[in-house]
Each structure stands twice: as C-alpha cells, then as structure tokens.
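Novice: With the sequence up front, the predicted model follows.
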Amino acid sequence: MEIIKDINGIREKINEARKAGKRIGFVPTMGYLHQGHLSLVEIAKKETDYQVMSIFVNKMQFNDKNDYKNYPREYERDFAMAEKAGVDLMFTPDDEIMYINPLTYVDMDSLTEHLCGAHREGHFRGVFTVVSKLFNIVQPDVSVFGQKDIQQAIGIEKMVFDLNFPVKIIIAPIMREKEGLAMSSRNKHLSEEQIADALYIYKSLQKAEVMIESGETESGKITFAMRKKIQQGKPDRIDYVSVVDYKTLQPVRKIGEKNVIAVAAYFGTTRLIDNMIVEKKEKGYLCTY
Ligand code: AMP
C-alpha cells in the first residue's frame, strides 16, 4: 500500500491504475479504523480493481471544537489495517493541503433540515464539501458509504445526482459489536459502563422492529417506546428519535413504503447515532439495521 499526502501524487498513482485498465474504488474515512470501515473496502473490491482510502479528520464538518480535538487518531495502526484489507493507495492529506482559503462550499437544502442536520450546525456543508473535493481528486468509479451515517449516505447520493459526479454510490450495512452496539471510532471514548448503557440504542431499534412486526405504524407510538427503552441506559441527552421518509428525510406520522428510524444520543460527552431502514414488502415490513 502506498501512502501519499499530496494531491498531485495521488492523481499520478490513480492515472497509472486507470491506464492499466483498472476501475477505482474509494472509501473516504476519518480514520481510527474498525471493521465497519474495512467492510466498505470489501464491498468496493467486488466492483473495482484498485482500492483508494482516505483518512482525513475534516475540521469543516465538526461543529464541536472538543469533538474535533479529541477525535481519535492512530495512523500507523490504521495503515496496517487498511493494507491488510487490500487498500492499494492511502490518501492522508492535512488541513493545509485540503483547504487553502476556501470560498466555495457544497450545501444542501431540505434533506439536511432534520436528524443530525438540525443538531449539528454546518456539519453537512463540511461533509458535502470535503466529499466533493475528494471525488474530484480521486475520481473513483465506485464509492462506498455506511448506512450507519444514513443522512450522510442519502445526502451524498443526492449530491452525486444533482451535481453529476460520474461515480456509483453504494450504501453498506452497519457493522456492529457482538452485543449490537454500532461500531464507531467514537466508541473509544466510552467506558465499560457506558458501552453497556449505549446498547439501549440498539435495543430501542429492536423494540421498534417488534412493534412494526406486530402491526404498529404510528411514528409517535414507536418513538415513545424507543425513548423509554433508551432511557433505561441513562443517556446524558437524547438529540432525536425520529421516523422519516427514506427519500426526503422529512418526519412522517405513519410508517409508509420506505422509512428511516434514526436515533442520536449522548453517553457522557460522546454522541452516538444509529438507525434502521424500514421497507414495506408484500407481507409486512423488512427492518434493516
Ligand atoms: P467515519 O470515519 O466515521 O467518517 O466513517 C467513514 C465511513 O465508514 C462512512 O461511510 C461511515 O458511514 C462508515 N461507517 C462508520 N461506521 C460504520 C459501521 N459501524 N458500519 C459500516 N460502516 C460504517
């Protein structure tokens, strides 16, 4: 695996791969890799021949200075994991390479009104701007994003459509710890006790699934029961528990054709998110989480 910091260096390597007839897969990350990140590479490998990963803790998308400062960074460990997973090229730019007095941003209307968009001022503008830049630098054929950050993944699909980026976006399943906690770089900040408490987020999704399977479709009733479940884990704050339309990410009163049920809650100062996709099938609903 080659590790390159500068944009021209990356472009050269990718041009070489392209000339050799290879299709480019791309997985952007903020590092402190876990199995969730590596599963995205696995998926990219199925459709492409040359894997690029980026690790860049993107200051522009952090609305909380301490969250940015404390974001776990362990590059050597990440490089070893990425190499083992089959990454061919690692892009690790720093702030000075990515942002030189920028005056241009990529932002999105209604899709970022709710869920994390309502609680993290400027977050998605930072995400869409950096992903646009990364797409322009890497010019991948396929890029894989996790369902874990569902508003981000759906937003990027929309951005790619709206701005005609020639890249195929794949949304990958959520990887979880054995007991069910969604893998996240931020889990590093949790104590043993907080990990056990945070499991109630997963249990709240299970609760929602059971309710939906038994015929409940009212968002209010589902989110009420989910909140009650999460409260059992004594969260320091619940940002939201919402049922939204899959396409528009606007809140809905009833479960319909395709929805997202999403949660964000704090355990200590660590903000965790999780979600479930609910799709109407011939017989009942399919819940994916
Ligand atoms: P991050 O490094 O947190 O910015 O995440 C980089 C990519 O990995 C994003 O597309 C995330 O949605 C994805 N990701 C993060 N956690 C998981 C997980 N538990 N399972 C699958 N994908 C994930």
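Specialist: Received the coordinates, thanks.

Novice: which SSE is S242 in?
Specialist: Per DSSP states H and E, S242 falls inside strand 237-245.

Novice: After that strand, which helix or strand is next?
Specialist: Sequence-wise, the next helix or strand downstream of strand 237-245 (DSSP H and E) is strand 258-267.

Novice: What is that next one packed up against?
Specialist: Contacts defined by 3 or more C-beta pairs under 8 Å, 6 or more residues apart in numbering; DSSP states H and E place strand 258-267 against helix 150-162, helix 192-213, helix 219-231, strand 237-245, strand 270-280. (Glycine included, C-beta is placed from N, CA and C.)

Novice: Throw those into CSV and include distance to the ligand, mean pLDDT and mean neighbour count, thanks.
Specialist: Shown next, in CSV, are the helices and strands packed on strand 258-267 (distance: least, C-beta to the nearest ligand atom, whole Å; pLDDT from 0 to 100; neighbours: other C-beta atoms under 10 Å):
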stretch, distance to the ligand, mean pLDDT, mean neighbour count
helix 150-162, 6, 98, 20
helix 192-213, 12, 98, 19
helix 219-231, 18, 98, 17
strand 237-245, 17, 98, 19
strand 270-280, 9, 98, 20
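
Novice: Distance to M30 added to these, as a markdown table?
Specialist: Below are the helices and strands packed on strand 258-267 laid out as a markdown table (distance: least, C-beta to C-beta, whole Å):
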| stretch | distance to M30 |
| --- | --- |
| helix 150-162 | 12 |
| helix 192-213 | 20 |
| helix 219-231 | 25 |
| strand 237-245 | 20 |
| strand 270-280 | 14 |
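
Novice: Would you tell me which of these gets closest to A80?
Specialist: helix 192-213 (24.5 Å; C-beta to C-beta).

Novice: just checking, what packs against the closest one?
Specialist: By 3+ C-beta pairs under 8 Å, 6+ apart, helix 192-213 packs against helix 219-231, strand 258-267, strand 270-280, strand 285-288.

Novice: Using CSV, write out the CA atom coordinates for it.
Specialist: C-alpha atoms of helix 192-213 as CSV (Å, rounded to 0.1, in the frame of the first residue of the first chain):
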residue,chain,number,x,y,z
GLU,A,192,-17.3,-0.2,30.0
GLU,A,193,-20.4,1.0,31.8
GLN,A,194,-21.2,3.5,29.0
ILE,A,195,-20.9,0.7,26.4
ALA,A,196,-23.4,-1.3,28.3
ASP,A,197,-25.7,1.7,28.6
ALA,A,198,-25.3,2.6,24.9
LEU,A,199,-26.6,-0.8,24.0
TYR,A,200,-30.0,0.5,24.8
ILE,A,201,-29.9,2.4,21.5
TYR,A,202,-29.7,-0.9,19.7
LYS,A,203,-32.4,-2.4,21.9
SER,A,204,-34.6,0.6,21.0
LEU,A,205,-34.3,-0.4,17.3
GLN,A,206,-35.1,-4.0,18.2
LYS,A,207,-38.2,-2.7,20.1
ALA,A,208,-39.3,-0.7,17.1
GLU,A,209,-38.9,-3.8,14.9
VAL,A,210,-41.1,-5.9,17.2
MET,A,211,-43.8,-3.1,17.3
ILE,A,212,-43.7,-2.8,13.5
GLU,A,213,-43.9,-6.6,13.0
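
Novice: nearest spatial neighbour of the residue most central in space within the chain, skipping sequence neighbours?
Specialist: Of all residues in the chain, the one closest to the mean position by C-alpha atoms, centre = their mean is D149, 3.0 Å from it. Excluding its sequence neighbours, the residue lying closest to D149 (C-beta to C-beta, 6 or more residues apart in numbering) is I273, at 7.0 Å.
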